[in-house]
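Participant: predicted model, plus sequence, below.
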Amino acid sequence: MSNVERLTEKIARAAQNLPPVTIMEVCGTHTHAIRRYGIRQLLPPNIRLVSGPGCPVCVTAEEDIALALALAKQPNVTLFCFGDMMRVPCGNASLLLLGSRGADVRIALSPLDALTFAKEYPSREVVWYGVGFETTTPHSAALLEAAKRDGVQNLSVFSAHKTMPNALRALLSNASHIDALLCPGHVASITGAQAFRFVPEELHLPAAISGFEPEELLIGILALVSMLKSGKPSLVNAYPQVVKSTANETARTLVEAWFTPCDAVWRGLGEIPQSGLKLKPEHAFYDALLRLSPVPDSITTHTACRCGDVLRGSIEPNKCALFGKTCVPEHPLGACMVSSEGACAAYYQYEGVGI
């Protein structure tokens, strides 16, 4: 018998006589791994998994995307971003569409690509569009550190970075349909496991930090089901080979040198206090919004898109009327169908349209 089979049997035994429960996996990479490996099909029927706000591309608000578009439209500006952000729709526009019409928008494999370009073309204003959670913010901070060290004057950062804990507080405080949380292994590798202690201590929900392979996911789910059965919520680090109790001090120090918490708007969740990161006042020279003063266009929202409901775990993607019909990966109407970590993209790729 394989380890996966053993873990599946243990989960089934632990779930006996348990009422129907819903576990939210926060991380977008978890969402894709769960669908890719068929984890849902291995679980007993009283254990339900739903996706949460763990895809940084998906939760980026249209207001922020409109600002990025306004920056890219300015003359003499080159905007760099990760590839997924190119295709996220903002009304009837996107960075990809803007690029096809002549704007200088470029995909970066690393934020340092923007620095290399800025050095080669000192007459252009180069903007790094920073999106992501605790795992990617250190890279933006490293870019800024390198720009300052090398005396690069034509580079700035538009920070749409977000942090996970306050968003989960806001979501789970008003989400009676969520019974336990599968916490993100990538984020926890930077923040340390202790960053999620508030889930059992404040919200009284079981929490487990998990890796991304089938066995690692099942170990995390088993821990959650066991806590639900005992009625004793706690935090279990089921990914100790990567996640430590305390934060990655190198990353934390670097981020704190450049960024400070701020209120931020999340797609589907609204404005959440102190859940975003902006450049500190002493680094205003590198702030693209202050430096270039972009004026965004008004936004025409696709009101039928239910990406926000998906990010809250209120519905599964295939419950959206657009899913697999007018909204497909080749022509996404919502951010959740764009990103490699988006729940809609995962359902479409691995579980089939309409399932």
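Facilitator: Cool, the structure landed.

Participant: quick one: the strands in the stretch 1-150 of the chain?
Facilitator: Counting by DSSP state E, counting those that start in this stretch, residue ranges of the strands within the stretch 1-150 of the chain are 21-25, 47-51, 77-81, 104-107, 125-132.

Participant: now the stretch 251-355 of the chain
Facilitator: Using DSSP E, counting those that start in this stretch, the strands of the stretch 251-355 of the chain run over 259-266, 270-279.

Participant: now do the domain split for the protein, please.
Facilitator: What automatic domain parsing lists as the domains of the chain is 3-53+165-237, 57-163+247-292, 307-350.

Participant: okay, these, which one's buried deepest?
Facilitator: Ranked by mean neighbour count, the domains of the chain are led by domain 307-350 with a mean of 21 (mean count of other C-beta atoms under 10 Å). C-beta: built from backbone N, CA, C; applies to glycine.

Participant: what's the span of that domain from first residue to last?
Facilitator: End-to-end distance of domain 307-350 (C-alpha to C-alpha, to the nearest Å): 18 Å.

Participant: and stretch 311-329, by the same measure?
Facilitator: Start-to-end span of stretch 311-329 (C-alpha to C-alpha) is 17 Å.

Participant: could you do stretch 178-187 as well?
Facilitator: Using C-alpha to C-alpha, the end-to-end distance of stretch 178-187 comes to 20 Å.

Participant: that older thread, rebuild the strands of the stretch 251-355 of the chain as CSV, extending it with mean pLDDT.
Facilitator: Below are the strands of the stretch 251-355 of the chain laid out as CSV (pLDDT from 0 to 100):
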stretch, mean pLDDT
strand 259-266, 97
strand 270-279, 96
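
Participant: just send these back as CSV, with distance to M86 too.
Facilitator: As requested, the strands of the stretch 251-355 of the chain are exported to CSV (distance: least, C-beta to C-beta, whole Å):
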stretch, distance to M86
strand 259-266, 20
strand 270-279, 22
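
Participant: nearest to T300, of those strands?
Facilitator: Relative to T300, the nearest member of the strands of the stretch 251-355 of the chain by C-beta to C-beta is strand 259-266, separated by 17.4 Å.

Participant: give me the contact list for the closest one.
Facilitator: The contact list for strand 259-266 (C-beta atoms under 8 Å, 6 or more residues apart in numbering) reads 53, 59, 61, 63-64, 137, 141, 159-163, 167, 271-280, 311.

Participant: between that strand and strand 270-279, how many degrees?
Facilitator: 150 degrees (axes from the mean of the first three to the mean of the last three C-alpha atoms, to 10 degrees).

Participant: could you point out which element follows the longest helix along the chain?
Facilitator: In the chain, with assignment by DSSP state H, the single longest helix is helix 214-230. Going down the chain from helix 214-230, the next helix or strand is strand 235-237, by DSSP states H and E.

Participant: in this structure, where is pLDDT below threshold?
Facilitator: Across the chain, the ranges flagged by pLDDT under 70 are 302, 352-355.

Participant: try 90 this time
Facilitator: The chain contains residues with pLDDT under 90 at 1, 91-92, 173-177, 268, 297-304, 313, 330-331, 333-334, 339-341, 350-355.

Participant: can you redo the domains of the chain as JSON lines with distance to T300?
Facilitator: Putting these into JSON lines (distance: least, C-beta to C-beta, whole Å) gives the following:
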{"stretch": "domain 3-53+165-237", "distance to T300": "24"}
{"stretch": "domain 57-163+247-292", "distance to T300": "4"}
{"stretch": "domain 307-350", "distance to T300": "12"}
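
Participant: right, and those - which one's nearest T301?
Facilitator: T301 lies closest to domain 57-163+247-292 among the domains of the chain, at 6.6 Å (C-beta to C-beta).

Participant: ok so, going back, looking at the strands of the stretch 251-355 of the chain, which is closest to A207?
Facilitator: Smallest distance to A207 across the strands of the stretch 251-355 of the chain (C-beta to C-beta): 18.3 Å, for strand 270-279.

Participant: name the helices or strands packed onto that closest one?
Facilitator: strand 155-161, helix 164-172, strand 259-266 (3 or more C-beta pairs under 8 Å, 6 or more residues apart in numbering; DSSP states H and E).

Participant: where does the first one sit relative to the chain's centre, distance-wise?
Facilitator: Yep, that's strand 155-161 we're talking about. Remark: strand 155-161 is offset 17 Å from the chain centroid, using C-alpha atoms, centre = their mean, to the nearest Å.

Participant: and it, what does it pack against?
Facilitator: Counting by 3+ C-beta pairs under 8 Å, 6+ apart, strand 155-161 packs on helix 62-73, helix 112-120, strand 125-132, helix 137-150, strand 259-266, strand 270-279, helix 288-292.

Participant: so that strand versus helix 112-120, what angle?
Facilitator: Using the same axes, to 10 degrees, strand 155-161 lies at 160 degrees relative to helix 112-120.

Participant: quick one, which of the strands of the stretch 251-355 of the chain is nearest to K119?
Facilitator: strand 270-279 (20.7 Å).

Participant: about what we covered before: now the strands of the stretch 1-150 of the chain as JSON lines including distance to L218?
Facilitator: Formatted as JSON lines, the strands of the stretch 1-150 of the chain follow (distance: least, C-beta to C-beta, whole Å):
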{"stretch": "strand 21-25", "distance to L218": "12"}
{"stretch": "strand 47-51", "distance to L218": "11"}
{"stretch": "strand 77-81", "distance to L218": "35"}
{"stretch": "strand 104-107", "distance to L218": "35"}
{"stretch": "strand 125-132", "distance to L218": "27"}
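
Participant: which of those strands sits closest to A147?
Facilitator: The minimum distance between A147 and the strands of the stretch 1-150 of the chain falls on strand 125-132, with 9.2 Å, by C-beta to C-beta.

Participant: many thanks, have a good one.
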